[in-house]
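Participant: sequence first, then the predicted structure, then my questions.
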Amino acid sequence: MKMIPYLNFDGNCRAAMEFYQSVLGGELTTMPFGDTPMAGDMPGFNDKIAHARLMGDGWTIMASDCPPDYFVKMQGLCVSLHFPDAATGKKMFDALSKDGTITMPFEETFWSPGYGLFTDSFGTPWMINTEMAPQEGAGCA
């Protein structure tokens, strides 16, 4: 099984996915509504994205623009990225949160050497976490 976040946007899917690609890397493919059988049913919407996929090494994010009057703001979830070290996590936090709203600054917590929350400039909530180094002698007995 794979779990793949699918993000919905209010007309700015292409810009959001291109931004995510610029920060995260990966290969981006997009299909505008104008290239689908729905092209004639949605005048003025043909340049919007019916489906986008950003794929990296072991990860995928999918997305689309919602048809007019169907968009609902993302809430009750975060796209969660986990990194092996705080320096990499901080770099991603700073890049993805640019022009967004920081909910919790990236900082050390009792469970992580670096953790932070924000909503990016496209309305996507993110959680950036780094793994705690294994403690000698820690674990289940």
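Facilitator: Cool, the structure landed. Numbering: from 1, shown residues only.
Participant: all helices for the protein, in order.
Facilitator: With DSSP state H as the criterion, the chain has helices at 13-24, 86-96.
Participant: with distance to K73 added, can I get these in TSV?
Facilitator: To be clear about C-beta, it is placed using only N, CA and C from the backbone, and glycine gets the same treatment. Conversion of those to TSV gives the following (distance: least, CB to CB, whole Å):
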stretch	distance to K73
helix 13-24	14
helix 86-96	18
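Participant: for these, which one sits closest to D57?
Facilitator: Ranking those by distance to D57, with CB to CB as the measure, places helix 13-24 first at 10.4 Å.
Participant: other SSEs contacting that closest one?
Facilitator: Under the contact definition 3 or more CB pairs under 8 Å, 6 or more residues apart in numbering; DSSP states H and E, helix 13-24 sits against strand 6-9, strand 27-32, strand 49-56, strand 59-65, helix 86-96.
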